[in-house]
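[1] I need the structure of the sequence given here:
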Amino acid sequence: MELGTREKSILALERRSFAGPGAKERAIREELDLAPVRYYQLLNALLDDERALAHDPVTVNRLRRVRDRHRSSR
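    Predicted structure coming up:
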């Protein structure tokens, strides 16, 4: 089973860089019609999905490393 459009859009947004503070949150609201909190919940679940890893291994592995560093610093 393949990732849905929303999941692919989340990964695509994570590949981008953003100019200033608030730019990413604005893109999340405007482009995906999601609240940032919901976006990050979906993203976190997506990082554990093997379909996401198969679709975009570079982005998923990078985000997994960031998440793991964040968790270990607590």
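[2] Which residue comes closest to the residue nearest the centre of the chain once chain neighbours are left out?
    With distances taken as Cα atoms, centre = their mean, L43 lies nearest the centre of the chain, 4.2 Å away. Leaving out its chain neighbours, the residue that sits closest to L43 by Cβ to Cβ, 6 or more residues apart in numbering is I10, at 5.6 Å. Bear in mind the C-beta positions are built from the backbone N, C-alpha and C, glycine included.
[3] Contacts only, for that neighbour.
    32, 39, 42-43, 46 (Cβ atoms under 8 Å, 6 or more residues apart in numbering).
[4] what about the helix or strand of the chain with the lowest mean pLDDT, distance to the chain center?
    In the chain, no helix or strand scores lower on mean pLDDT, DSSP states H and E than helix 57-72, which sits at a mean of 94. With Cα atoms, centre = their mean, to the nearest Å as the basis, helix 57-72 stands 10 Å off its chain's centre.
[5] Go through it and flag the buried ones.
    59-60, 63 (16 or more other Cβ atoms under 10 Å).
[6] Then stretch 27-46?
    28, 32, 34, 39, 43, 46.
[7] for those residues, which one is nearest F18?
    Comparing the buried residues of stretch 27-46 against F18 with Cβ to Cβ places I28 closest, at 10.2 Å.
[8] A35 reaches R29, doesn't it?
    Yes - if you go by Cβ atoms under 8 Å, A35 and R29 touch, sitting 7.2 Å apart.
[9] Now do the contacts for the residue nearest to the centre of the chain.
    10, 14, 63.
[10] and it, which of the three is it?
    helix (DSSP: H, G, I helix; E, B strand; the rest coil).
[11] Return the closest of the contacts of L43 with respect to H55.
    So of the contacts of L43, ranked by how close each gets to H55 (Cβ to Cβ), first place is I10, at 10.7 Å.
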